[in-house]
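[1] need the 3D shape of this:
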Amino acid sequence: MRSRLRLLRRNTFSSLTVPNYRLYFGGQSISLVGTWMQMTAQAWLVLTLTHSSTDLGLTVALQSLPVLLLGPYGGVVADRIDKRRLMVILQSAMGVQALTLGLLTVLGVVHFWEVGALAVLLGLNNSFETPARQAFLREMVGREHLRNAVTLNTVTVNAARAVGPAIGGVLIATVGVGTCFLLNAASFVAVVTSLLVMDRTALRPSEPTPRARGQLREGLAYAAHTREIAVPLVMMALVGTLAYEFQVSLPVLAHTTFHGGSVAYGFMTGSMGVGAVLGGLYSAARGKTGLRPMVIAAAGFGLALGFVALSPKLVLAYLGLAIAGWASVSFISIGATTIQLTAEPTMRGRVISLWQVAFQGTTPIGGPIVGLVIAASDPRVGLLLGAGSCILAAIIGAYLTRKRPGPAQSVHEVPSADEVHRFEPPLERGLSRPA
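    As a prediction, the model looks like this:
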């Protein structure tokens, strides 16, 4: 039993044996706590300034609109240039954005239009930084640790979701909203430093794609004709549009339905983060990829959101959000790993950018829709709308998974994620050998 537990621990954290990734993981963990503090504070600031769920949805939409419009081109750029250098520049710019918002808030001169404008600037940064960051994972850890690194990266995001909003809620109630923005600005120092000091000789960079016309169209066609990429993208687009609008639904649920304050909202988001961390560690140990596990995770996510929407007590909502967090991180990590293992190296940045568009870029559509639904009815209805989108995505995914792949896949000769998993050496097959 002790031997099996040691093997489980090694497999769960196998990618941390890579020094560069271990350094990056530490810096990113600190930065993400600050990011979630800012997300919590920004939502509460907008709600305080406008008292409108519609304006809250609009702010989220403004932050995500650049991802929808420029995300695919951001993937093209990530395939062409040095990803580490691009990340240093854009992470620094995001720190400046947080500092500006913090100073405006602390000085008491912030207006709603300024929050919206800075949200757009942050979205512009994300359009180019996210594809580079996701593709850079493989350059740090290689193919053998990629699945584990992607899952641990998702765990880090959700661990920060558990800690950041809780800290943010307490800070908002004690020292004010502006402090959250200033602390987030300071947190970017950690991740930028980790990128600057890592051992560049140990990186395994992909060959840059030469500039050429039609590269964006080429990436879109490649994704559309590769089933193990196309199906996760379709599912994430549907779920991302209506289910991941928690910045819109949870503040209103905490404020109007359960008559709580910023602390209740922080613990709502934190509960979801705790469940996501536990689910992510479970996923990291098991390392499942493929379309069928993604379908199961989508269905579980939908059922959990339905439970939250119908919860009569706040404590039950906390429990439901923890379960939703578990299912959510499983859905994200399985989908992201599946498309990364399937994509050719020269296409990875473009494929990841399409995943990001499906995940965050759909918010300009879904955010206002959910905001209007909540304004016209109740935040519970907004959550039920998200639950329905997850169930529908699971049904569509199950149907598309049963269909035989078309001839276009043989043209690209891309193995499915299930085939990759089946033919991996014992080193990557769970508990069969220590990592």
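[2] could you find the closest non-adjacent residue to Asp378?
    Leaving aside its chain neighbours, Asp378 sits nearest to Thr257 (7.2 Å; criterion: CB to CB, 6 or more residues apart in numbering). C-beta here means a position set from N, CA and C on the backbone, and glycine is covered the same way.
[3] the one you found - how many residues pack around it?
    Per other CB atoms under 10 Å, the neighbour tally for Thr257 reads 17.
[4] ok, so what distance separates it from Leu310?
    11 Å (CB to CB, to the nearest Å).
[5] who touches both of the two?
    Overlap of the contact sets of Thr257 and Leu310 (by CB atoms under 8 Å, 6 or more residues apart in numbering) consists of Arg380.
[6] what about the helices in the stretch 251-400 of the chain?
    Assigned by DSSP state H, counting those that start in this stretch, the stretch 251-400 of the chain shows helices spanning 262-286, 291-309, 314-342, 348-356, 363-376, 379-402.
[7] out of these, which is the most enclosed?
    Across the helices of the stretch 251-400 of the chain, averaging neighbours per residue (mean count of other CB atoms under 10 Å) puts helix 348-356 on top, at a mean of 28.
[8] just how off-centre is that helix within its chain?
    Centroid displacement of helix 348-356 relative to its chain, using CA atoms, centre = their mean, to the nearest Å, is 13 Å.
[9] again with stretch 14-22
    Using CA atoms, centre = their mean, the offset of stretch 14-22 from its chain centre is 21 Å.
[10] longest helix in the protein, by number of residues?
    helix 19-50 (DSSP state H).
[11] now for that helix, which elements pack on it?
    helix 53-80, helix 83-106, helix 112-141, helix 146-174, helix 177-197, helix 246-252, helix 262-286 (3 or more CB pairs under 8 Å, 6 or more residues apart in numbering; DSSP states H and E).
[12] tell me what angle it forms with helix 177-197.
    Taking axes from the mean of the first three to the mean of the last three CA atoms, to 10 degrees, one finds helix 19-50 and helix 177-197 inclined to each other by 160 degrees.
[13] buried ones in stretch 57-74?
    57-68, 70-74 (16 or more other CB atoms under 10 Å).
[14] in the stretch 101-250 of the chain, where is pLDDT below threshold?
    Within the stretch 101-250 of the chain, the stretches with pLDDT under 70 are 158, 161-162.
[15] re the thing from before, I'd like to know which of the helices of the stretch 251-400 of the chain is closest to Ala173.
    Closest of the helices of the stretch 251-400 of the chain to Ala173 is helix 262-286, at 5.5 Å (criterion: CB to CB).
[16] so for the closest one, what's the average pLDDT?
    Mean pLDDT, helix 262-286: 79.
[17] apart from its chain neighbours, what residue comes closest to Leu372?
    Per CB to CB, 6+ apart, closest to Leu372 is Thr54, 6.2 Å.
[18] show me what contacts that neighbour?
    Neighbouring residues of Thr54 by CB under 8 Å, 6+ apart: Pro368, Gly371, Leu372, Ala375.
[19] how about the residues you listed in a markdown table, adding pLDDT and distance to Ala190?
    Converted to a markdown table, those look like this (pLDDT from 0 to 100; distance: CB to CB, whole Å):
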| residue | pLDDT | distance to Ala190 |
| --- | --- | --- |
| Pro368 | 81 | 34 |
| Gly371 | 83 | 33 |
| Leu372 | 87 | 38 |
| Ala375 | 86 | 39 |
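[20] what's the most distant pair in the residues you listed?
    Comparing every pair within the contacts of Thr54 by CB to CB identifies Pro368 and Ala375 as the most remote, at 10.1 Å.
[21] report the angle between the longest helix of the chain and helix 112-141.
    Here helix 19-50 points in a direction 170 degrees away from that of helix 112-141 (the same axes, to 10 degrees).
[22] gap between the residue nearest to Leu372 and Ala186?
    32 Å.
[23] cool, Val109 as well?
    From Val109 to Ala186 the distance is 21 Å (CB to CB).
[24] more crowded one of these two?
    Using other CB under 10 Å as the criterion, Val109 and Ala186 rank with Ala186 on top: 15 against 9.
[25] isn't that one right up against Met37?
    No. Counting by CB atoms under 8 Å, Ala186 stays clear of Met37, with 10.8 Å between them.
[26] gap between His225 and Gly361?
    Per CB to CB, His225 is found 21 Å from Gly361.
[27] more crowded one of these two?
    Higher neighbour count among His225 and Gly361: Gly361, with 27 against 17, using other CB under 10 Å.
[28] in the stretch 301-435 of the chain, where is pLDDT below threshold?
    Counting by pLDDT under 70, the stretch 301-435 of the chain has low-confidence residues at 363, 403-435.
[29] contacts only, for the residue lying closest to Ala224 once chain neighbours are set aside.
    Using CB to CB, 6+ apart and skipping the chain neighbours, the partner closest in space to Ala224 is Ala230 (5.6 Å). Neighbour list for Ala230: Ala223, Ala224, Leu400 [criterion: CB under 8 Å, 6+ apart].
[30] again, but for Thr338
    With contacts defined as CB under 8 Å, 6+ apart, the neighbours of Thr338 are Glu228, Ile229, Pro232, Thr289, Gly290, Leu291, Met294, Ala417.
[31] could the residues you listed go into CSV alongside distance to Phe267?
    As requested, the contacts of Thr338 are exported to CSV (distance: CB to CB, whole Å):
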residue, distance to Phe267
Glu228, 38
Ile229, 37
Pro232, 31
Thr289, 33
Gly290, 34
Leu291, 35
Met294, 29
Ala417, 36
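[32] from those, pick the one nearest Thr209.
    Once CB to CB is applied, the member of the contacts of Thr338 that ends up nearest Thr209 is Ile229, at 17.4 Å.
[33] secondary structure element for the closest one?
    Per DSSP states H and E, Ile229 falls inside helix 227-242.
[34] from Arg380, how far out is the closest residue to Leu278 other than its chain neighbours?
    Nearest-residue entry for Leu278: Trp326, 6.1 Å, with adjacent residues in sequence omitted and distances by CB to CB, 6+ apart. From Trp326 over to Arg380 the distance is 21 Å, taken as CB to CB.
[35] many thanks, we can stop here.
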